[in-house]
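Chemist: got a sequence here, can you build the structure:
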Amino acid sequence: MFGIPGKQAVTITPRAATQIAKLMARDGHQGLRIGIKKGGCAGMEYTMDYVTEVNPLDETVEVDGARVMIAPMAQMFLFGTEIDYETTLLESAFKFRNPNVVDACGCGESIKFDIGLTATQA
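Modeler: Numbering: from 1, shown residues only. Here you go, the predicted structure:
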């Protein structure tokens with residue numbers, strides 16, 4: 001695990017926990033795995049996938065029946081991130097409030113990390 005012993009890598013808001021729990025219950029998934037991959041207009045992007053098998057190397061965060069697994073390569077980029085779920089007139093989506101982000105593009109979709117890597121904000 002990357003980070004501070006005894007401190008969760010990410011926090012999950014009550015709205016996000018409710019949505020994740022619904023997604024888990026829908027098809028009996030073990031949770032959602034969050035990672036980072038190359039792609040997007042700025043070079044990297046967040047990923048979210050259903051978990052059917054738990055990877056023992058993933059960091060697991062559980063809140064109110066919701067389970068999020070963080071892929072090993074993403075742990076250092078996501079440490080301190082708050083995961084929320086917002087519904088507006090135009091969309092419903094998970095939102096990441098990540099303190100490791102130092103810059104964002106004009107459209108708000110691409111972000112840049114402190115160490116020079118970038119990702120697309122979900």
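
Chemist: what pLDDT does the nearest residue to Val54 once chain neighbours are set aside get?
Modeler: The spatial neighbour of Val54 that comes closest, neighbours along the chain excluded (C-beta to C-beta, 6 or more residues apart in numbering), is Gln30 at 5.6 Å. C-beta coordinates here come from the backbone N, C-alpha and C atoms, glycine included. At Gln30, the model reports a pLDDT of 91.

Chemist: how near is the residue nearest to Leu57 when sequence neighbours are not counted to His29?
Modeler: Nearest non-adjacent residue to Leu57, counting by C-beta to C-beta, 6+ apart: Pro72, 4.8 Å away. Separation of Pro72 from His29 (C-beta to C-beta, to the nearest Å) stands at 20 Å.

Chemist: one more: Ala9?
Modeler: Taken as C-beta to C-beta, the span from Ala9 to His29 is 20 Å.

Chemist: more neighbours: these two, which one.
Modeler: Neighbour totals were compared for Ala9 and His29, and Ala9 leads with 22 against 16 (other C-beta atoms under 10 Å).
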